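>>> next one to model:
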Amino acid sequence: MRLYDPTARKYVSAGPLTVKRPALPSAVPLFSRGRARVVALDFDTKHHGHASVVADVTRLLAWLTECGGRAVVDESTSGGRHVLIPLAPGKTVTAAEIRPLLRLLSARLPTLDITPMTNDATGCITVPGSQCKEGGYRTLVDLDPAAASDILTVGSDAGILSRLEALLGGTGRAITNPIDAHIRAETSAERVLGSSDDTRLHPRFCRSTPPPRCVLDFARTGRIDTRRWPSRSEARQSVITHAVLTGASAADILTRIAEPAWAGVRAAYARYAEPERAIRRDTARALDWATSTLPDPVRDIGHKQKHTGGTHDPVLRSWLTHAQTWVATEFIHRRDRWTTHAVVQALAWAASVSGQTVEGVPTVGVGGRSLSIAAGMLPESTVWSALERLREMEGSPLLLIERGVGQNPDRYALVPTHAGRAGTSDTSTGTEEVESVHPAWSVIGWRHRVLYDAVVAAAEPLTPDELFTALGVGRTSGYEALLDLRVAGLLTVENAKIGVGPVELDDIGHRHGLTSAVRARIVRHRAERIVWREWLAARDEARTPPEPDRSLFAIIDDHPADPPDREYIMAVMNTGPPDPF
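Take a look at the predicted model:
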């Protein structure tokens, strides 16, 4: 949390979140690893007064209700209000993704300050019950703590942000780099059907609920709600977008324009010399926004959320066992121990599905992007830094044998550790498969994975102290991780013995929409590789010198039948060519 300094009149210091309420006004960060699970909107009384704040919040809550959103509202002693909108479980948003919607809201709500949600490094918000800078405490508005807790726990509908943006007539953010362009093109191609005027949204993403009443009223009468739309442009775009979200194509919309129910929209396009062309343009814009913005439906499809493949190869299993032991020993007091365990696991899996064995030593060529997915959705930068540390440490089980060039990745040899060379016995049972790291650990926590795997692999139930001792984990951090695993339902404790709980990792993955997250990262990696190949091709083309114009070097001989002057040739051979100057 960040603490407020009354002298400097700003948040200048930070400290760990405490169980008790801080004595000073404090705020909690909105973003974790660049993503937020709650959209926090700050309504300030500095410029427009308390009555304007109440009116803006009331208007926003009405829009949220229309779009399936839920919110917690609290008020400070100065009259300012915060609206906390929890996203659906497993849904997060970046500052860049939320910025277009924030701009739409700020243009319609004068008292809204969008600053906290636009900075993923310093963005923070004071929560209900915390102390106010003016004295007193923030209090809930029209809610009791139990109801507020329920709202924050259950969250809003999965498509709340896209629906709200469609309601306000937004069309998303503009493409700013080639990677985003490739991502949008590939995502859009998978979410549309048909071609030309018959292009429409895939039924899997279509909405079955009718548009809001204000949208239907404008479509029929053309009367604009200025509190919702600054001009007729946003109003008609909202009508077109809601039609696209129901599966309508440009041809369908051109047909509806002639109907009485769309007389208002027809009048809004009447000022154009070619109304049909403008309608096709707005339809294409709405379809492009929908295909690139709508979230994937979160459904329990019953599939495993690990990479396919894996092996029972005893060589790889032995290397993985000794490599993990080496990491546990060398990284015992380091914060990156748990992510390094995940990277080592991903390397073993990559070697099992795409590696080679050279003179009894497994080798694998793999990039950091692929490893980031196999390591349970670790950030790519974390994987790259872990690989750099591993290959530079003495006695490491990872040896860099070939540096990657161009599109070829680095190649590694999975060499035995000192314990492996000494012939230390492999404690595995011989039935475990070398698998990738489950993406659910990106939600639960990386240090929890080692505890869970140890309990699953144990021949007999262990006590907490036995488990912590075997893994080299401190009691405090061990019990904290054990509590988190029990709350998640992955482990149970009965009669001082730890057992496997009723919840599986796939259950957590489906609950948090990790299938869509993995798919989105794969698409982004594919786009980054395309851009990288294009850059390499452009570099090679720039390095290649142009073909010389051989016509400049042609020797024009007016007398081809005459023999060359032998004395001149011998003089040139002895003294070199004459000085041109």
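>>> surely residue 128 and residue 141 touch.
No - Residue 128 is beyond contact range of residue 141, at 9.2 Å (criterion: CB atoms under 8 Å). Any C-beta I mention is one placed from the backbone N, CA and C, and that applies to glycine too.
>>> shared neighbours, the two?
By CB atoms under 8 Å, 6 or more residues apart in numbering, residue 128 and residue 141 have these common neighbours: residue 74.
>>> so who does residue 403 touch?
With CB under 8 Å, 6+ apart, residue 403 has these contacts: residue 410.
>>> state the distance from it to residue 350.
Distance of residue 403 to residue 350, computed by CB to CB, to the nearest Å: 18 Å.
>>> separation between residue 312 and residue 356?
Where residue 356 is concerned, residue 312 sits at a distance of 18 Å (CB to CB).
>>> oops, could you answer that again for residue 515 instead?
To residue 356, residue 515 is 31 Å away according to CB to CB.
>>> compare those two and say which is more crowded by neighbours.
Neighbour count, other CB atoms under 10 Å: between residue 515 and residue 356, residue 515 has more, with 20 against 11.
>>> how far does the host helix or strand of the more buried one sit from its chain's centre?
Per DSSP states H and E: residue 515 is located in helix 514-543. With CA atoms, centre = their mean, to the nearest Å as the basis, helix 514-543 stands 16 Å off its chain's centre.
>>> check stretch 234-241 too.
29 Å.
>>> what do you get for stretch 10-23?
Relative to the centre of its chain, stretch 10-23 is centred 29 Å away, using CA atoms, centre = their mean.
>>> just the CA coordinates of it, formatted as CSV?
This file holds the C-alpha atoms of stretch 10-23, laid out as CSV (Å, rounded to 0.1, in the frame of the first residue of the first chain):
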residue,chain,number,x,y,z
LYS,A,10,0.7,13.3,-2.0
TYR,A,11,1.5,9.6,-1.6
VAL,A,12,5.2,9.4,-1.2
SER,A,13,6.0,6.2,0.8
ALA,A,14,5.0,2.5,0.4
GLY,A,15,4.7,-0.3,2.9
PRO,A,16,3.2,-3.8,3.1
LEU,A,17,-0.5,-4.2,3.4
THR,A,18,-1.5,-4.6,7.1
VAL,A,19,-4.4,-6.4,8.7
LYS,A,20,-5.4,-3.4,10.8
ARG,A,21,-6.5,-0.2,9.2
PRO,A,22,-3.5,2.2,8.7
ALA,A,23,-3.3,5.3,10.8
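>>> could you pull out the buried residues of that stretch?
For stretch 10-23, burial by neighbour count (16 or more other CB atoms under 10 Å) applies to residue 11.
>>> averaged pLDDT, it. What do you get?
Mean pLDDT, stretch 10-23: 82.
>>> which residue sits closest to residue 222, ignoring its sequence neighbours?
residue 264 (3.1 Å; CB to CB, 6 or more residues apart in numbering).
>>> cool, and residue 447?
Using CB to CB, 6+ apart, the nearest residue to residue 447 is residue 338, at 4.2 Å.
>>> wait, what's in contact with that neighbour?
Going by CB under 8 Å, 6+ apart, residue 338 touches 445, 446, 447, 449, 450.
>>> out of these, which are buried?
Neighbour-count burial (16+ other CB under 10 Å) applied to the contacts of residue 338 gives 446, 447, 449, 450.
>>> next helix or strand past the helix or strand where the residue nearest to residue 447 lies?
Using DSSP H and E, residue 338 maps to helix 337-354. Under the assignment DSSP H and E, the closest C-terminal helix or strand after helix 337-354 is strand 356-358.
>>> still on that earlier bit, dump the contacts of residue 338 to CSV, plus distance to residue 387 and secondary structure.
Shown next, in CSV, are these (distance: CB to CB, whole Å; DSSP: H, G, I helix; E, B strand; the rest coil):
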residue, distance to residue 387, secondary structure
445, 22, coil
446, 16, helix
447, 20, helix
449, 19, helix
450, 20, helix
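>>> and residue 292, how many neighbours?
Around residue 292 there are 17 residues (other CB under 10 Å).
>>> does it count as helix, strand or coil?
Per DSSP: H, G, I helix; E, B strand; the rest coil, the local secondary structure of residue 292 is helix.
>>> quick check, pLDDT for the closest residue in space to it that isn't next to it in sequence.
Among residues not flanking residue 292 along the chain, residue 184 sits closest, at 4.7 Å (CB to CB, 6+ apart). At residue 184, the predicted lDDT confidence score is 80.
>>> can you tell me the helix or strand for residue 184?
According to DSSP H and E, residue 184 maps onto helix 178-190.
>>> and if you look at residue 284?
If you go by DSSP H and E, residue 284 is part of helix 275-293.
>>> now that helix, how far from the centre of its chain.
From the chain centre to the centre of helix 275-293 is a distance of 26 Å (CA atoms, centre = their mean).
>>> just the helices from the stretch 51-200 of the chain, written as ranges.
Using DSSP state H, counting those that start in this stretch, the helices of the stretch 51-200 of the chain run over residues 95-108, 115-118, 145-154, 160-167, 178-190.
>>> out of these, which one sits most buried?
helix 160-167 (a mean of 24; mean count of other CB atoms under 10 Å).
>>> where does the stretch 1-150 of the chain dip in pLDDT?
In the prediction, the stretch 1-150 of the chain carries no residues with pLDDT under 70.
>>> change it to 80
Confidence mapping of the stretch 1-150 of the chain against pLDDT under 80 gives the ranges 12, 19, 33, 89-90.
>>> one step back: average pLDDT across the helix or strand following the helix holding residue 515?
Next along the chain after helix 514-543, taking DSSP H and E as the criterion, comes helix 566-575. The pLDDT scores in helix 566-575 average 75.
>>> with just CA atoms, put stretch 159-169 into PDB.
The C-alpha atoms that make up stretch 159-169 are tabulated as PDB, following Å, rounded to 0.1, in the frame of the first residue of the first chain:
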ATOM      1  CA  GLY A 159     -18.400  -8.800 -21.400                       C
ATOM      2  CA  ILE A 160     -19.100  -5.800 -19.200                       C
ATOM      3  CA  LEU A 161     -16.300  -3.600 -20.700                       C
ATOM      4  CA  SER A 162     -17.100  -4.300 -24.300                       C
ATOM      5  CA  ARG A 163     -20.800  -3.800 -23.800                       C
ATOM      6  CA  LEU A 164     -20.300  -0.500 -22.000                       C
ATOM      7  CA  GLU A 165     -18.000   0.600 -24.900                       C
ATOM      8  CA  ALA A 166     -20.600  -0.400 -27.400                       C
ATOM      9  CA  LEU A 167     -23.300   1.400 -25.500                       C
ATOM     10  CA  LEU A 168     -21.300   4.600 -25.600                       C
ATOM     11  CA  GLY A 169     -20.600   4.300 -29.300                       C
END
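>>> distance between it and the chain's centre?
20 Å.
>>> hmm, who's touching it?
39, 63-64, 66-69, 85, 87-88, 93, 98, 100-101, 104-105, 108, 157, 172, 207, 212, 215, 228-229, 233-238, 241-242, 245, 289-290, 293-295.
>>> for residue 226, phi and psi?
The phi and psi values for residue 226, taken as degrees, to the nearest 10, are phi -70, psi -20.
>>> residue 11 looks like it's in a helix, true?
No - looking at residue 11 with three-state DSSP, it is strand, so not inside a helix.
>>> which residue sits closest to it in space, ignoring its chain neighbours?
residue 2 (4.2 Å).
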